[in-house]
Structures are given as C-alpha cells and as structure tokens.
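In: model this:
(2 chains)
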Amino acid sequence: MPNALDVSYIKKDFPILHTKMNGKPLVYLDSAATSQKPKQVIDAIDTYYKEYNANIHRGVYKIAEKATAEYTESKIKVGKLVGVGSIEELIYTRNTTESINLVSLSWGDQNIRKGDHILISEMEHHSNIVPWQILAKKKGAILDYIKLNDDQCELSYESLEKELAKKPKIVAITHASNVLGSINDVKKITRLAKKNGAVVLIDGAQSVPHMPVNIREIGCDFFAFSGHKMLAPTGIGVLYGRKELLSEMQPLFGGGDMIRTVEFQSYTPNDLPWKFEAGTSNIEGGIGLGAAVDYLNKIGMGRIREHEKKVTKYALEKLDGIKNVKTFGCGQDEIEKRGGVVSFSIKGVHPHDVATIFDSDGIAIRAGHHCAMPLVTGVLKEGALSRISFYMYNDESDVDKAVSAIDKVKKTFRMS
Amino acid sequence: MPMDMYVEEIISHYEHPHNKRKMEKSDADFKEDNPLCGDVLTMHIKVNDGKISDISFEGTGCAISQATASILTDHVKGMKIQEVKKIDYEKIKELIGIDPGPARLNCATLAIKTLNGAIFVYEHKKG
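Out: The predicted model follows:
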C-alpha cells in the first residue's frame, strides 16, 4: 500500500482552506461539486497572464510559442494521467457535460436512427441523461436504463444483460456516482457492451480526480471528465475519443483553429484533435489543468484513492452510528466499491435546513437532488439528500466536525 | 448569520403548522414547487365578498418554506384579495421575522407564489 498522505502538509497548498466562513474556519466537504485549487495551479494561471499571454497556434513570436507549447504540453500530461498516448484523441471542452453533448450531437446525430436503443443507467448525473433524451426525441430512438440492485449499491448485471439483448447502439455509464459514491466496474461493462456491438461512453467526472484511471485498459470509445473537479479551473474539460470514431465525426462548431484551409464555398477540417476545438481555446484553463495534473502526480493517484477510502470508511462508521441518520450506497464493508462521497438524510429535517446549519459552523456541504433527479426521487424515493464529499485535503477531523454539526441540527429541531 | 434563521417561531411553526389541512369545496387550489430543493406546497382558498374567508395548505419541504406557509396563511385570513396581492418579499421577511438570505430566498417566497397562483386561478374561474 502506498505511503499515507500528510493532510496538514497538503492543506498548506490550498489558500482557501485557511479562510473563514461565517466566522469559522472553512471546512470544505463539497469536492464532488468542485474541488479547491492549490496555489501551484493559481500561480500557473497567474504566470501565464503576467509573462506569456498570447493566442496559440498562430503567433510566430516567442511568447505565442510558449503559450502554444504549454497548452499542448498540458494535453500530453492529461493523456499520461489517464493512459492515452496520443493527444489526437484528447479534445478540450468546457466540462464533462459539454464532452458528452459533443458525442450525442456529433456521433449521435450521424449514427442514431429511428427505433435504435440508447442505454444509460439509473445512477447517472443529468449530464449523462438529458443529452440522450434530446437525441432520442430528435431521432425517434428509445432510451433504456440499467437498474440498480435492491441494495442500492451497484448496478444490476441481470438488468444490464437484459438491456444489452436489445442491441443498443451506445451505452453511456458513469464511472463513479456523485450521489451514492458507487464505483462501477466499467471495464467489465465495456467488455459486455462491446460484445453486443455497442459504442461505449464513460462519464469519469467523479473518478479521474480521485483514483488511478486508465482509459485504454477500460477499452471504451469515449471518456469524459472535468478539470474543475481535479484541482484545475472551471471551464476546461476533456473528451477522449477513439481516433477511428473521431475521424468519422463531423465538427460541432466551425471557425478558426478547426480548419486547415477555407475557400469561398468550402473548408477542409484541421487534424485531430483541433477539428473539434473551434475558436480561441481556454488557454488559461489548459495551462491550469496541466499544473493540476502535475500536482496530482506529485501526490499520487493511488495514495489519494487509499486516503479517501480511509476517510470515507471513518465517515460511514460515524454516521451509521447516529440515531435518525441514514446513509446511502454501499456499506462500510464494501469500501472498495465506493468513492469519497457520502449522501445522508436526517429524519424529519429537510437537507436544505441541514446545509444551512452546517454553513453556520463554517462547513460547506451540498443539499438537493445533486443533478440526479431520476436516482434521488425516482429510485431512492427521497425529495432531496445532504451530501458530504472528500478530497486529498480532508481528513477524519473534518468528519468529526460534520458529526458535531449533525448534533447541532438535531438540537435545533429538538430531536433525540 | 444563517443560524439565526432557526428561531423558536420558525421551528415551532414547522413542527406544528397552522392551517395545514385539506379543504372540501375550496374556490381555488394551486400547487407550486421548488424542484431544486424538493419543497412542495398546495394552497386552498375560499373567497367571500372579495376576501379570503378560509385558507389552508398541504406540502412538504424545509423548515423555512413550511413555517412561512403556516405564518402567511394565518396572516391573510379575512384579508381582501387586492391587499393580499400587494404582499411583497419585504412584507414576508417582516412576517417571519428573519432574513433568509439569497440562498434560501426561494424557500421563503414559495408560499406567497403559491397563494398568488390560487388567487389567479380563482379570478380566472370567475371570469
């Protein structure tokens, strides 16, 4: 097992973790929504603007060359992090949502016909539901769902097999749930889906920031994730696409950078991946993401995963021991199957009231349907849930503070 | 200070809401929700001589949304519809005695939105 993380050392790199919220030291337990940023990432963006701000791919002067090199270098770093050797297969987008929409709008538009099946799961975030609903409606296709097992921990393989028998054209599944924390065996799901002739997309928004991920090993055709959940700024996301598929896909946006030549009535598209990156790119975002990957590598993805498992197990042990508190997802004894996300409810108290009382203690948590309404209201039968989620900068002391805040909630609402 | 929201008055109305019941033969009903939070309210009104002669609500949600519904229904009973229509957010804050802040604004305004919906339905039924 890798060496344990030194959280107090890591915390020094995150300026925001030394600020106060409502007069109390900030305890940030909402990294599944967005991660905080280390000073190394903030400094990289700062340096770009102060020392070599220029547009990329066109300037012939020194700072433009440097900006282009840093931006391209960031893709090489991202590729190494997730096991992709060629940057031709890595497209920068705004976020996971845009990455998935790029696939549904381009690949989906060219390949989905009336009566085709599209397969997703009950565990998906809205970003991996709504693009497929839009596509299905436009094409007259059928959207099917892989069900959750009764234990509300894992996807049902029985349901998967049943749905795959309908020969879906595409299977789009989350790697890790932002509500339950469940980590799906995407390698196995990809193998089964491909055996049935489907194209496979994996939503890695909640996995890439928190664990070692190798896209080639998974074997999927598309893989989407966001920079802002992995220490990088907002507005930069990634779509991996297998070259064979990307080459056949039409660009979504036309404009500068995505072309090789333009004549009065026609254009020839640029090489991959630039064919899909029209207009001036989010240069600071790319450079920030490169710095974020450097930071993640310095800590080590294996160590981050082990650390989060330890903190999550501690959180489940504590929360499961509190009267009138219910946690969701895989149990303490199945910690291998879950990431650093713990959704919970307190009997008789609405999650927004829970989050407001946490806020008064300086603790940031999420309350609501977590952009997964079909799962939260349809499957779990809850109006809303409270959620704490962890990253490398959280430890057991943060869990203890959350437990004290739960106690405060119960006192406020006069509960035992 | 957000903690100041959970004053005795709010908790007490949340635990023991006033006017929370179904209504037989209402003149108008209206349902409204905050899908982001999962707060749901239905308002029932009876109108007599341009005044709210009876009012009740049903619903689920956070303490702020439910306590505000309880306090507001108490307040408007017997009031002229035209006066109810003038109730703005400043008045709501005065009635509930707290400032919910921007994050909880939707919770505190759900009751008056729902009531205005019921009045709209009543006036359109009447023609």
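In: contacts only, for the nearest residue to B:I64 once chain neighbours are set aside.
Out: The shortest distance from B:I64 to any residue other than its chain neighbours is 4.0 Å, reached at B:C107 (Cβ to Cβ, 6 or more residues apart in numbering or on different chains). For glycine as for every other residue, the C-beta is placed from the backbone atoms N, C-alpha and C. With Cβ atoms under 8 Å, 6 or more residues apart in numbering or on different chains as the criterion, the residues that contact B:C107 are A:H352, B:N34, B:C37, B:D39, B:G61, B:C62, B:I64, B:S65, B:T68, B:P100.
In: what does B:C107 show for phi and psi?
Out: When quoted as degrees, to the nearest 10, the phi and psi of B:C107 stand at phi -70, psi -40.
In: now do B:I119
Out: Per-residue torsions, B:I119: phi -60, psi -40 (degrees, to the nearest 10).
In: my guess is it contacts B:A28. True?
Out: Yes - assessed by Cβ atoms under 8 Å, B:I119 is found in contact with B:A28 at 7.2 Å.
In: one step back: just give me the least confident of the contacts of B:C107.
Out: Ranked by pLDDT, the contacts of B:C107 bottom out at B:C37 (78).
In: can you tell me the SS state at the residue in the stretch 151-300 of chain A positioned nearest to chain B?
Out: For the stretch 151-300 of chain A, the nearest residue to chain B under the criterion Cβ to the nearest Cβ is A:V179, separated by 13.8 Å. On the three-state scheme (DSSP: H, G, I helix; E, B strand; the rest coil), A:V179 is labelled coil.
In: how about the residues of chain A near chain B?
Out: A:22, A:349-353, A:356-357, A:359-360, A:367-369, A:373, A:377, A:383-384, A:412-414 (Cβ under 8 Å from any Cβ of the partner chain).
In: go again using 6 Å as the cut-off
Out: Applying Cβ under 6 Å from any Cβ of the partner chain, one finds that chain A approaches chain B through A:H350, A:H352, A:D353, A:T356, A:D359, A:S360, A:G368, A:G383, A:A384, A:T412.
In: the more surrounded of B:I119 and B:A28?
Out: When neighbours are counted by other Cβ atoms under 10 Å in any protein chain shown, B:I119 and B:A28 differ, and B:I119 comes out ahead with 22 against 19.
In: helix or strand next in line after the lowest-mean-pLDDT helix or strand in chain A, which one?
Out: Per-element confidence for chain A was summarised using mean pLDDT, DSSP states H and E. The lowest value among helices and strands belongs to helix A:373, with a mean of 89. Heading C-terminal from helix A:373, the first helix or strand you meet, by DSSP states H and E, is strand A:385-389.
In: that older thread, out of the residues of chain A next to chain B, who has the most neighbours?
Out: Ranking those using other Cβ under 10 Å puts A:D353 first, with 30 neighbours.
In: residues touching A:A367, list them.
Out: Neighbouring residues of A:A367 by Cβ atoms under 6 Å, 6 or more residues apart in numbering or on different chains: A:P351, A:H352, A:A355, A:S386.
In: the first one: how many residues sit nearby?
Out: Meaning A:P351. 26.
In: can you give me the pLDDT of it?
Out: A:P351 is given a pLDDT of 95.
In: what's the residue nearest to it when sequence neighbours are not counted sitting at in phi/psi?
Out: Leaving out its chain neighbours, the residue that sits closest to A:P351 by Cβ to Cβ, 6+ apart is A:A367, at 3.7 Å. Note on A:A367: its backbone torsions stand at phi -140, psi 140 [degrees, to the nearest 10].
In: filter the contacts of B:C107 down to the buried ones.
Out: Using 16 or more other Cβ atoms under 10 Å in any protein chain shown as the burial test, the contacts of B:C107 include A:H352, B:N34, B:C37, B:D39, B:G61, B:C62, B:I64, B:S65, B:T68, B:P100 as buried.
In: save those as JSON lines, and put in secondary structure and distance to A:T34 too.
Out: Converted to JSON lines, these look like this (DSSP: H, G, I helix; E, B strand; the rest coil; distance: Cβ to Cβ, whole Å):
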{"residue": "A:H352", "secondary structure": "helix", "distance to A:T34": "19"}
{"residue": "B:N34", "secondary structure": "strand", "distance to A:T34": "23"}
{"residue": "B:C37", "secondary structure": "coil", "distance to A:T34": "20"}
{"residue": "B:D39", "secondary structure": "strand", "distance to A:T34": "25"}
{"residue": "B:G61", "secondary structure": "coil", "distance to A:T34": "26"}
{"residue": "B:C62", "secondary structure": "coil", "distance to A:T34": "24"}
{"residue": "B:I64", "secondary structure": "helix", "distance to A:T34": "25"}
{"residue": "B:S65", "secondary structure": "helix", "distance to A:T34": "27"}
{"residue": "B:T68", "secondary structure": "helix", "distance to A:T34": "31"}
{"residue": "B:P100", "secondary structure": "coil", "distance to A:T34": "24"}
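In: give me the buried positions along the host helix or strand of B:Q82.
Out: Assigning secondary structure by DSSP H and E places B:Q82 in helix B:81-84. For helix B:81-84, a neighbour-count test (16+ other Cβ under 10 Å) marks B:V84 as buried.
In: pull the distance from it to the chain's centre.
Out: In terms of Cα atoms, centre = their mean, to the nearest Å, the centre of helix B:81-84 is found 14 Å from the chain centre.
In: which helices and strands sit right next to the next helix or strand after that helix?
Out: Once the chain leaves helix B:81-84, the next helix or strand it forms, by DSSP H and E, is helix B:89-96. On a contact count with 3 or more Cβ pairs under 6 Å, 6 or more residues apart in numbering or on different chains; DSSP states H and E, helix B:89-96 meets helix B:63-76.
In: thank you kindly, that will do.
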